[in-house]
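In: Here is a sequence with its predicted model. Questions after.
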Amino acid sequence: MNLLQNVGQDGLGDLQWTNPTGWEPLPGGGVRVLAQARTDFFRNPDGSLPNENGHLLWLPVEGDFVAQAHARPTFASTYDAGALMVRGDETHWAKLCYEATDFGTHAVVSVVTDGRSDDANGVNLDLPSVWLQIVRQGNLFVMHYATDGKTWRMTRYFPLDLPPKIAVGMVAQSPVGPGTMVDFLHFSVERRRVGNLRAGV
């Protein structure tokens, strides 16, 4: 079920903010989120000052799940992105982004943070929007993307020691720019397991 279907009519429903920002409902379901200037979640591998001011719209989820988001960012500046995030605390989290890279491309980018962040560019895409998926089974996580919301391709498979109940949600970010807008057309979390972690189904 798309948890954004009634956004606006019912406020944000069960969703809550970390670092609130402006937002508005989209016709037909979905939400447009303002990413304010110089906002991000990132703990630099070199240990320099971490950034914890990205805009996360989330709900608490316990146990295994499949989370999906359909993100349509406005790529105004480098690193502008819409992302799907799983978060235990400030130093243990992961996000899967559709991002404007520093190579002048738009790519599926993954960041896994266990004390400090790592950062890996995935496939380049020339599309206005992308489907993002994160699957949890125990403390194993798999990230996937799809162009059609059905045919999933694995981006990353990794362990991360997170508590049973975590925050799962959508991130809007503009780390170096003056800000941008990110449309989230779909967001869902299903309490289920998949048969094939790498395939995401």
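Out: Great, that's in hand.

In: what bridges to the residue most central in space within the chain?
Out: Centroid-nearest residue in the chain, with C-alpha atoms, centre = their mean: L84, separated by 1.5 Å. Taking DSSP bridges as the rule, L84 bridges to L96, M170.

In: Next up, the contacts around it.
Out: Applying C-beta atoms under 8 Å, 6 or more residues apart in numbering to L84 gives the contacts A67, Q68, A69, A71, K95, L96, L132, Q133, I134, G169, M170, V171. Where C-beta positions appear, they are placed from N, C-alpha and C, glycine not excepted.

In: Quickly note the distance from it to Q9.
Out: 24 Å (C-beta to C-beta, to the nearest Å).

In: Which neighbouring elements make contact with the longest strand along the chain?
Out: Ranked by residue count under DSSP state E, the longest strand found in the chain is strand 179-190. Applying 3 or more C-beta pairs under 8 Å, 6 or more residues apart in numbering; DSSP states H and E, one finds that strand 179-190 makes contact with strand 31-36, strand 55-62, strand 65-73, strand 81-89, strand 165-173.

In: can you rerun that using 6 Å?
Out: strand 31-36, strand 65-73, strand 165-173 (3 or more C-beta pairs under 6 Å, 6 or more residues apart in numbering; DSSP states H and E).

In: Show residues contacting the shortest one.
Out: Contact partners of strand 31-36, identified using C-beta atoms under 6 Å, 6 or more residues apart in numbering, comprise 4, 7, 21-24, 26, 172-174, 179-184.

In: Going by neighbour count, which residues in that strand are buried?
Out: V31, R32, V33, L34, A35, Q36 (16 or more other C-beta atoms under 10 Å).

In: can you redo those residues as CSV with pLDDT and distance to F75?
Out: Below are the buried residues of strand 31-36 laid out as CSV (pLDDT from 0 to 100; distance: C-beta to C-beta, whole Å):
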residue, pLDDT, distance to F75
V31, 98, 18
R32, 98, 15
V33, 98, 15
L34, 98, 15
A35, 98, 11
Q36, 98, 16
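
In: do you know how far D80 is from W23?
Out: Distance of D80 to W23, computed by C-beta to C-beta: 16 Å.

In: now the contacts of strand 31-36: which count as buried?
Out: 4, 7, 21, 23, 26, 172-174, 179-184.

In: Need those residues in CSV (columns: pLDDT and distance to E190).
Out: Converted to CSV, those look like this (pLDDT from 0 to 100; distance: C-beta to C-beta, whole Å):
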residue, pLDDT, distance to E190
L4, 96, 15
V7, 93, 19
T21, 98, 27
W23, 98, 24
L26, 96, 22
A172, 98, 23
Q173, 98, 25
S174, 98, 30
G179, 98, 32
T180, 98, 29
M181, 98, 27
V182, 98, 23
D183, 98, 22
F184, 98, 17
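
In: Which of the residues you listed sits closest to L56?
Out: Minimum distance to L56 across the buried ones among the contacts of strand 31-36 is 8.5 Å, recorded for A172 (C-beta to C-beta).

In: just to revisit the earlier point, so can I have CSV of the buried residues of strand 31-36 showing distance to P163?
Out: CSV is the format used below for the buried residues of strand 31-36 (distance: C-beta to C-beta, whole Å):
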residue, distance to P163
V31, 27
R32, 31
V33, 26
L34, 30
A35, 28
Q36, 29
